[in-house]
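Novice: Show me the folded form of this:
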Amino acid sequence: MTRHPEPGTAEWDAYLAEGNAKQARKRIAADVILRDGAGRVLLVNPTYKEGWDLPGGMVEANESPVDAARRELFEELGIKPKLSGILSVDWDPPHGPWGDQIVIIFDGGELNSAEAEALRPHDSELSACGFFMPADAIAALRPRIRNRVTQAIEALATGRPRYMESGRALW
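Specialist: The predicted structure follows:
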């Protein structure tokens with residue numbers, strides 16, 4: 001039987017540091033589904049990759065996913081929507097030069113008509129933003145994220161969050 005160091009000692013801290021160094025580090029993306037009064041979904045057009053996407057972005061080191069989603073929406077669109085829950089969590093396997101990641105999609109609720117009409121990109125990362133009917137939004141997305149967003153939109157309708165792997169709902 002392995003004997004662990006006593007908590008609160010220098011040996012304990014070294015033991016935890018060694019474990020921390022060996023454990024996986026996952027990238028995490030925090031995206032948000034925002035809607036207008038007509039039920040349309042907000043998409044953004046990033047300048048650094050092809051196609052439309054949900055607003056949001058990557059979580060920074062030691063930042064919570066909720067804080068990252070709020071930060072990204074403020075940086076990109078100048079808004080501070082109230083997030084009301086998780087719609088989906090998707091494990092995205094390694095692809096291209098990227099390792100795997102966890103993608104969380106939050107419910108950003110509904111913007112009133114004045115807020116929706118005033119939306120404009122606030123930094124150089126976005127060339128455009130716009131509201132799309134759900135089916136049109138899904139069609140405008142890159143193929144690898146269509147299923148993920150479809151599942152998140154269905155979670156809005158059912159009130160039941162989804163867990164996915166590669167955009168495929170497991171439950």
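Novice: distance of the residue lying closest to Arg168 once chain neighbours are set aside from Arg27?
Specialist: Among residues not flanking Arg168 along the chain, Asn147 sits closest, at 6.5 Å (Cβ to Cβ, 6 or more residues apart in numbering). Heads up, the C-betas are built off the backbone N, CA and C, glycines and all. In this view, Asn147 and Arg27 are 19 Å apart by Cβ to Cβ, to the nearest Å.
Novice: thinking again about what came up before, did I read that right, the residue nearest to Arg168 in a helix?
Specialist: Yes - assessed by DSSP: H, G, I helix; E, B strand; the rest coil, Asn147 belongs to a helix.
Novice: And the nearest residue to Gly56 once chain neighbours are set aside, how close does it get to Thr9?
Specialist: Of all residues not flanking Gly56 in the chain, Asp31 sits nearest, at 3.4 Å (Cβ to Cβ, 6+ apart). Distance, Asp31 to Thr9, using Cβ to Cβ: 42 Å.
Novice: Compare those two and say which is more crowded by neighbours.
Specialist: Asp31 (27 against 10; other Cβ atoms under 10 Å).
Novice: Now the more buried one, what are its backbone angles?
Specialist: The phi and psi values for Asp31, taken as degrees, to the nearest 10, are phi -110, psi 170.
Novice: That one pairs with what?
Specialist: Beta-bridge partners for Asp31, by DSSP bridges, are Gly56, Ile105.
Novice: cool, and the one 4 residues further on?
Specialist: For Arg35, the beta-bridge partners are Val41, Glu110 (DSSP bridges).
Novice: Go ahead and confirm it touches Asn112.
Specialist: No - the criterion here is Cβ atoms under 8 Å, and Arg35 misses it with Asn112 at 11.0 Å.
Novice: Look at those two and report which has more neighbours.
Specialist: A count of neighbours by other Cβ under 10 Å puts Arg35 above the other of Arg35 and Asn112, at 20 against 10.
Novice: Look up how far Ala114 lies from the more buried one.
Specialist: 15 Å.
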